[in-house]
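**Student:** Need a 3D model of the following:
(chains A, B and C)
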Amino acid sequence: MTHLYALCDCNNFYASCERVFDPSLNNKPVVVLSNNDGCVIARSNEAKVLGIAMGEPFFKLRHLVESKQVYAFSSNYTLYGDMSNRVMQTLSRFTPHAEVYSIDECFLDLGSFCHIDLHTYAWEIKRTVLQWTGIPVSLGIAPTKTLAKVANRLAKKSKKANGVLVLTHPQHIQKALEATPLQDVWGIGRRYARFLQQRHVHTAYDFSKLSESWVKQHMTVVGLRLLKELRGEACLELEEVASPKKGICTSRSFGKRVNTFDDLQEATATYAARCARKLRRQNSCARLLTVFVTTNKFSENDRQYYNSKTIAMPVATNSDIELIHYANLALKAIYRDGYWYKKSGVIVSEIEPEYQLQLSLLDTIDREKHGKLMRVLDGLSDRFGQGIIRTATQGLSNAWQLKSDFKSPCYTTQLADLQTAYIR
DNA sequence: TCTGGGGTCCTAGGACCC
DNA sequence: TCTGGGGTCCTAGGACCC
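**Tutor:** Reported below is the predicted structural model:
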């Protein structure tokens, strides 16, 4: 049985999402900013042409935004998440086997579609997604996932391909590998790229010609798998069911630095509640909870402090109330007066399925009651937005809240924002 | 002044066991 | 005085991804 994978990738996803609800942005340079409006994390093609780099600090292009040469948006993950679901739903109509690989990418197993005209089918997918969701996508099709990634990249780059490239013939595959710089191969990061370039390996094709033993010796089994994938031997399978996460982290830099315990506590409690929500989504509980705090390491004037504290909880939990309680204890243990804090975070680990908990004889908590409360809480959050109901510890202060000066409405998920959309 | 956040997998080396 | 060999578990750190 021949393997055949398609990688469907949304073009400039976050920027495209903003455009769906404001078509006046079409053909204009659009950028989307990281949390706290710090730096650029997504760019429309027009913004790329202007030379705006990925990760560029926002202050460097503020003048372009003020003179309306570039349109900037704070990131709106509620909107992007919902648009992503729509795209994935649409894609699932085209194959029974799909893997949502990231918020803007999906692998499709087309193994049983060998007999049809793949190029035509890919165009049908592309057209349908655009029509149903407003999001432009590109498709690369090849015998392995890694080659599908190669195909997808070229599909985007090449004018002739115009967003769809099928790589099934060996000559086409070789040409594609020759046209792919080493550092653009999926699985080759900066370190390996530098290491290999020193050894005169410059393209994906050069890499595919290396010996298996050499690659394994210098790049572990991960490199070896990559080598085989590029040679057309499928080593990476489609992962249709996302496996539960082994660690969950919620952390943010604050909108401005804070120095009181109360502000830090509100932020940390809020992050603990988000971790709890993420745990409940995947029906699991965590045994360990870690809190960390840090000052701004970029600031040369501030005194620096970093610390973290891990607590083993008596019974694994996913309750807001419990996680916030332990997060508070951990924070108290590491908080020191006299520092300007810039970031804190909560990590939960040792994650177990909700239904097979190791209970403790000394457990004093009514877990059933907590569970019911949390289900009500989640229902309200779904309807009215995250954080609409919260514990007192999470507070109402906004000293630490994210800076988000250019945020678009959550057009697709919040009633009030939907009304805004109609008025526009 | 401003410089993101959240993950995974693999390996080496130490501790410990029989 | 010579000085085995296998296994597991854990952790830290490196590399990568979007």
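
**Student:** Tell me the residues of chain A that contact DNA strand C?
**Tutor:** Within chain A, the positions lying close to DNA strand C (CB under 7 Å from any atom of the strand) are A:101-105, A:149, A:185-193. Where you see a C-beta, it was placed from the backbone N, CA and C, and this is true even at glycine.

**Student:** Of these, which belong to helices?
**Tutor:** Counted as lying in helices by DSSP state H, out of those, are A:Lys149, A:Arg190, A:Arg191, A:Tyr192, A:Ala193.

**Student:** Tell me who's in contact with the last one.
**Tutor:** Yep, that's A:Ala193 we're talking about. Contact analysis of A:Ala193 by CB atoms under 8 Å, 6 or more residues apart in numbering lists A:Leu182, A:Gln183.

**Student:** The residue of the stretch 301-424 of chain A found nearest DNA strand B: which element?
**Tutor:** Distances between the stretch 301-424 of chain A and DNA strand B by CB to the nearest atom of the strand are smallest at A:Gly345, namely 5.5 Å. Per DSSP states H and E, A:Gly345 falls inside strand A:341-353.

**Student:** What of A:Thr120?
**Tutor:** Applying DSSP H and E as the criterion places A:Thr120 in helix A:118-133.

**Student:** Between the ones in helices among the residues of chain A next to DNA strand C, identify the one with the most neighbours.
**Tutor:** A:Lys149 (24 neighbours; other CB atoms under 10 Å).

**Student:** State the pLDDT value of that residue.
**Tutor:** Here the pLDDT value assigned to A:Lys149 is 97.

**Student:** go on, A:His3?
**Tutor:** Listed pLDDT for A:His3 reads 91.

**Student:** Count the neighbours of it for me.
**Tutor:** 20.

**Student:** residues in contact with the residue of the stretch 101-250 of chain A found nearest DNA strand B?
**Tutor:** Closest to DNA strand B within the stretch 101-250 of chain A is A:Cys249: 3.3 Å, counting by CB to the nearest atom of the strand. Counting by CB under 8 Å, 6+ apart, A:Cys249 touches A:Cys275, A:Gly345, A:Val346, A:Ile347, A:Val348.

**Student:** Go ahead and list the helix or strand containing it.
**Tutor:** strand A:247-258.

**Student:** Now for A:Ser158, how many residues are close by?
**Tutor:** For A:Ser158, the tally of surrounding residues (other CB under 10 Å) stands at 14.

**Student:** Output stretch A:72-80 as PDB, restricted to C-alpha atoms.
**Tutor:** Only the C-alpha atoms of stretch A:72-80 are listed here, as PDB (Å, rounded to 0.1, in the frame of the first residue of the first chain):
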ATOM      1  CA  ALA A  72      -1.400  45.900  13.200                       C
ATOM      2  CA  PHE A  73      -3.500  43.700  15.400                       C
ATOM      3  CA  SER A  74      -3.000  42.300  18.900                       C
ATOM      4  CA  SER A  75      -3.300  38.600  18.900                       C
ATOM      5  CA  ASN A  76      -6.800  37.300  19.400                       C
ATOM      6  CA  TYR A  77      -6.500  33.600  20.100                       C
ATOM      7  CA  THR A  78     -10.200  33.100  20.700                       C
ATOM      8  CA  LEU A  79     -10.900  34.200  17.200                       C
ATOM      9  CA  TYR A  80      -8.000  32.200  15.600                       C
END
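
**Student:** Now do it: everything it contacts.
**Tutor:** Stretch A:72-80 has contacts (CB under 8 Å, 6+ apart) with A:13-15, A:17-18, A:30-35, A:37, A:41, A:58, A:61, A:65, A:103, A:386, A:403-408, A:410-414.

**Student:** likewise stretch A:195-211?
**Tutor:** With CB under 8 Å, 6+ apart as the test, stretch A:195-211 has contacts from A:150, A:174, A:176-182, A:184-185, A:188, A:218, A:226-227, A:230-231.

**Student:** 10 Å instead, please
**Tutor:** For stretch A:195-211, contacts defined as CB atoms under 10 Å, 6 or more residues apart in numbering pick out A:146-147, A:150, A:153, A:173-186, A:188, A:192-193, A:214-215, A:217-219, A:223, A:226-232.

**Student:** Strands of chain A, residue ranges please.
**Tutor:** Using DSSP state E, the strands of chain A run over residues A:5-10, A:30-33, A:40-43, A:71-74, A:98-102, A:105-109, A:137-142, A:164-166, A:247-258, A:284-295, A:306-317, A:341-353.

**Student:** what's the neighbour count on the residue of the stretch 51-200 of chain A found nearest DNA strand B?
**Tutor:** Using CB to the nearest atom of the strand, the single residue of the stretch 51-200 of chain A nearest to DNA strand B is A:Phe59, 2.8 Å away. Close neighbours of A:Phe59, defined as other CB under 10 Å, add up to 10.

**Student:** Next, the contact list for it, please.
**Tutor:** Shown in contact with A:Phe59 (CB under 10 Å, 6+ apart): A:Asp37, A:Gly38, A:Cys39.

**Student:** Cool, thanks, signing off.
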